[in-house]
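Q: This is a predicted model, with the sequence first.
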Amino acid sequence: MSVKLVEREVLSPLGDKETKKQNLNPFPDDFETVALLDNTKPGADVILEILKDFLGKRKFLDVKKPAGAPATSEQLKKAAHSDLAILALGDCGSCTSWVVLDAIRLEYMGTPTISICSDDFIPFARELASSHGSNDLRMLEVQHPIAGLSHDEIEYKSLKIIPALRYLLQIP
Amino acid sequence: MAGKENKINFKNQTCGCLIDDLLRGEYCREKDDGENILINPEAEKISHQFYLRHLTDGLPIIPPTKERVLKFLENSNRKGDDLIAALPPRMGKATVEKIAVNAVMAGCLPAFMPVVENSINGLSMEWFNLAGLNATTHPVAICTIVNGPTIKEIGLNSGVGCLGPGSLANATIGRAIRLCMLNIAGAVPGVGDHATHGSPAKYSYSFAEAEEETPWGPLNVERGFKCNTVTLMGVEGPHNVNDHRSTTAEDLLDTIAHTASTAGCNNSHVPGEILVVMSPEHSWALEKQGWTKNDVKDYLHQNMTVPVQLGDRGGRKLDSKWDINGKVRITRSSEDVVLVVAGGPGRHTMIAPGFGAGSQSVTVPF
């Protein structure tokens, strides 16, 4: 009788991914109230201030949220009382996580969002959003780094994202 | 014809290949019906293949064959396809089987499975903030502190060198949890784990409390349990506190407080938990002077402070509510001082700052 040596099968250690899909909320044709979520990362306030100037005479809700940790339900409820929520800043791993995840939570609550992350962390931000079924989560990327820069340097980088914001919101 | 028939009959009777047949190029056509002998795959080959597919921590692994994984599943109260949690950032499904596969790879023994799977369960608690911990640029690692009878049953080290090499259980339980982070959660450096430098503590960070040495009662009892527990904390690698000369409790605790009070830790701008692994000798010296565990925790809370102008340089803006006359306490309350006793002879204590307010420890009974 012949004998055949067969190696035992090895199992994959990779966890299967969840496959839920989340639809995003469309941007309104016109919007009056904008929530600005500042996670207190250095420069986040400057970026949001410049976007605020661009968006002009609208009502703004300023919301402070933790970096690297989830926004509280109160912070999210306040931000959800808006036609559009803009979150800044994802320029590190944990703060990017919770800019993206809080944006997704707001989308679940019915509020369209824009997340601002630095270009070093945008690939991760997109991968994370995709893992949560939000492949098309709206993001703007600002040139890394932001922390440690002067106000003028941050302003210079922030102005560069205005055309993309204008396009996203279809502002003539 | 007669010759051919003989040939066929001859092969049927032997069911194998003779050397003469092989030399003529006539192989036995019935060899596929022979017996398969299963052998373990070559460890070096599988280990390297897994490494090339970014499925390891860089160290060799034990090939996770089905047979090996089944032995681990026999040590679980759950079924293999039971879902413990979906782990961020990749949101991979941590089924019991996937956890077992990673535990095999880490070199665990099947008896370690309850500690590993309950650890993964604990990490999925919302307040632990695994999404933040896995992705952060901060070098936070997952520390596993085990209490209860299982310590002796599976040979966890709570004594000399408990945070270092030499114990199979300590080394492989922590490694199994890290492999679960890499392969299930997707916390691969540069992909889902963005720690600027990483940390040696991310290879393995698991130990047991020296329950028979502590003068104050162990952590599981402090947290309301009498059974086995695993406590998960997101903390930096440990930093030593060498104090051989203090003769008063205040002096000894001042040395610990001073070592812990550093501007660059997360706690300095977002106060939160800190891990204090006190040597038995230090704990006995404090207890001898009448200090309870709560006394020690409260003293450290009150005295672990950094100047506000130094503390407020972290990633997140320091909330002014933590400013007490120009100083910030690095813990929010004495409860944030997670104090355990472990280690061998010697007057040393280890401290490990946490992730700040962004993560809270979890204790899981089992």
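A: All right, it came through fine.
Q: only C-alpha atoms for contact and neighbour calcs from this point on.
A: Fine.
Q: right, and B:Gly159 touches B:Glu281 too?
A: No. Contact criterion C-alpha atoms under 8 Å: B:Gly159 and B:Glu281 do not qualify, at 11.9 Å.
Q: Show me which residues of stretch A:152-161 are buried.
A: Counting neighbours by 16 or more other C-alpha atoms under 10 Å in any protein chain shown, one finds that the buried residues in stretch A:152-161 are A:154-155, A:157-158, A:161.
Q: Which members of the residues you listed occur in helices, if any?
A: Mapping these onto helices (DSSP state H) picks out A:154-155, A:157-158.
Q: With respect to A:Ile116, which of the residues you listed is nearest?
A: Set against A:Ile116, the nearest of those by C-alpha to C-alpha is A:Ser158 (10.1 Å).
Q: Just to be sure, B:Val328 is in a strand?
A: Yes. Under DSSP: H, G, I helix; E, B strand; the rest coil, B:Val328 sits within a strand.
Q: can you pull up the bridge partners for it?
A: As for beta bridges, B:Val328 partners with B:Val306, B:Asp323 under DSSP bridges.
Q: and which of the buried residues of stretch A:152-161 is nearest to chain B?
A: When the buried residues of stretch A:152-161 are ranked by distance to chain B (C-alpha to the nearest C-alpha), A:Ile154 comes first, at 16.0 Å.
Q: Tell me who's in contact with the closest one.
A: A:Ile154 makes contact with A:43, A:46-47, A:146 under the criterion C-alpha atoms under 8 Å, 6 or more residues apart in numbering or on different chains.
Q: Which ones among the residues you listed lie within helices?
A: A:46-47.
Q: any chance of the contacts of A:Ile154 in CSV, plus distance to B:Asp251, neighbour count and pLDDT?
A: Listed next are the contacts of A:Ile154 as CSV, based on distance: C-alpha to C-alpha, whole Å; neighbours: other C-alpha atoms under 10 Å in any protein chain shown; pLDDT from 0 to 100:
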residue, distance to B:Asp251, neighbour count, pLDDT
A:Gly43, 42, 24, 98
A:Val46, 46, 17, 98
A:Ile47, 48, 24, 98
A:Ile146, 43, 22, 97
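Q: Between the contacts of A:Ile154, which sits nearest B:Cys108?
A: If you rank those by distance to B:Cys108 using C-alpha to C-alpha, A:Ile146 comes first, at 43.5 Å.
Q: A:Asp91 is in contact with that closest one, correct?
A: Yes. Judged on C-alpha under 8 Å, A:Ile146 makes contact with A:Asp91 at a distance of 7.5 Å.
Q: Which residues are in contact with each of these two?
A: Residues touching both A:Ile146 and A:Asp91 comprise A:Ser118, with contact defined as C-alpha under 8 Å, 6+ apart.
Q: Could you list the low-confidence segments of the chain?
A: If you meant another chain, say so; for now it's chain A. A:1 (pLDDT under 70).
Q: Chain B was what I was after
A: B:1-33.
Q: rerun at 50
A: Along chain B, the model assigns pLDDT under 50 to residues B:1-15.
Q: So the nearest residue to B:Val191 once chain neighbours are set aside: helix, strand or coil?
A: Leaving aside its sequence neighbours, B:Val191 sits nearest to A:Phe124 (C-alpha to C-alpha, 6 or more residues apart in numbering or on different chains; 6.6 Å). What three-state DSSP gives for A:Phe124 is helix.
Q: I'd say A:Phe124 and B:Gly192 touch.
A: Yes. Under the criterion of C-alpha under 8 Å, A:Phe124 makes contact with B:Gly192 at 6.9 Å.
Q: ranges for the strands of chain A?
A: A:3-7, A:33-38, A:59-64, A:84-90, A:113-118, A:139-142 (DSSP state E).
Q: Contacts made by the shortest one with the rest, please.
A: Put plainly, it is strand A:139-142. When contacts are defined by C-alpha under 8 Å, 6+ apart, strand A:139-142 is touched by residues A:114-119, A:122, A:157-158, A:160-161, A:164-165.
Q: Of these, which pair is most distant in space?
A: Farthest apart among the contacts of strand A:139-142 by C-alpha to C-alpha are A:Ile114 and A:Lys157. That separation is 17.1 Å.
Q: Would you convert the strands of chain A into CSV that also reports mean neighbour count?
A: As requested, the strands of chain A are arranged in CSV below (neighbours: other C-alpha atoms under 10 Å in any protein chain shown):
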stretch, mean neighbour count
strand A:3-7, 13
strand A:33-38, 23
strand A:59-64, 16
strand A:84-90, 27
strand A:113-118, 25
strand A:139-142, 22
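Q: So which of these is nearest B:Gly92?
A: Closest to B:Gly92 of these is strand A:84-90 (C-alpha to C-alpha; 22.6 Å).
Q: Is there proximity between that closest one and chain B?
A: No. Strand A:84-90 stays clear of chain B (C-alpha under 8 Å from any C-alpha of the partner chain), getting no nearer than 10.8 Å.
Q: what angle sits between the longest helix anywhere in chain A and strand A:84-90?
A: When chain A is parsed with DSSP H, its longest helix is helix A:93-108. Interaxial angle of helix A:93-108 relative to strand A:84-90 (axes from the mean of the first three to the mean of the last three C-alpha atoms, to 10 degrees): 170 degrees.
Q: Please enumerate the helices of the stretch 251-366 of chain B.
A: Assigned by DSSP state H, counting those that start in this stretch, the helices in the stretch 251-366 of chain B fall at B:280-288, B:293-303, B:308-311.
Q: Now the second one: buried residues?
A: Right, the one you point to is helix B:293-303. Within helix B:293-303, the residues that count as buried by 16+ other C-alpha under 10 Å are B:293, B:296-303.
Q: Out of these, which is nearest to chain A?
A: Chain A has its nearest neighbour among these in B:His301, at 22.9 Å by C-alpha to the nearest C-alpha.
Q: quick one, what contacts the closest one?
A: So B:His301 contacts B:329-334, B:336-337 (C-alpha under 8 Å, 6+ apart).
Q: Quick check: phi and psi at the residue nearest to B:Ser359 when sequence neighbours are not counted.
A: Excluding the flanking residues, the one nearest B:Ser359 by C-alpha to C-alpha, 6+ apart is B:Phe128, at 4.8 Å. Main-chain dihedrals, B:Phe128, degrees, to the nearest 10: phi -70, psi -30.
Q: Wait, B:Phe128 touches B:Gln360, no?
A: Yes. B:Phe128 is within contact range of B:Gln360, at 5.0 Å (criterion: C-alpha under 8 Å).
Q: Now the common contact residues for the two.
A: With C-alpha under 8 Å, 6+ apart as the test, B:Phe128 and B:Gln360 both reach B:233-234.
Q: count of residues packed around B:Pro114?
A: 19 (other C-alpha atoms under 10 Å in any protein chain shown).
Q: Name the nearest residue to A:Leu14, sequence neighbours excluded.
A: Among residues not flanking A:Leu14 along the chain, B:Asn183 sits closest, at 4.8 Å (C-alpha to C-alpha, 6+ apart).
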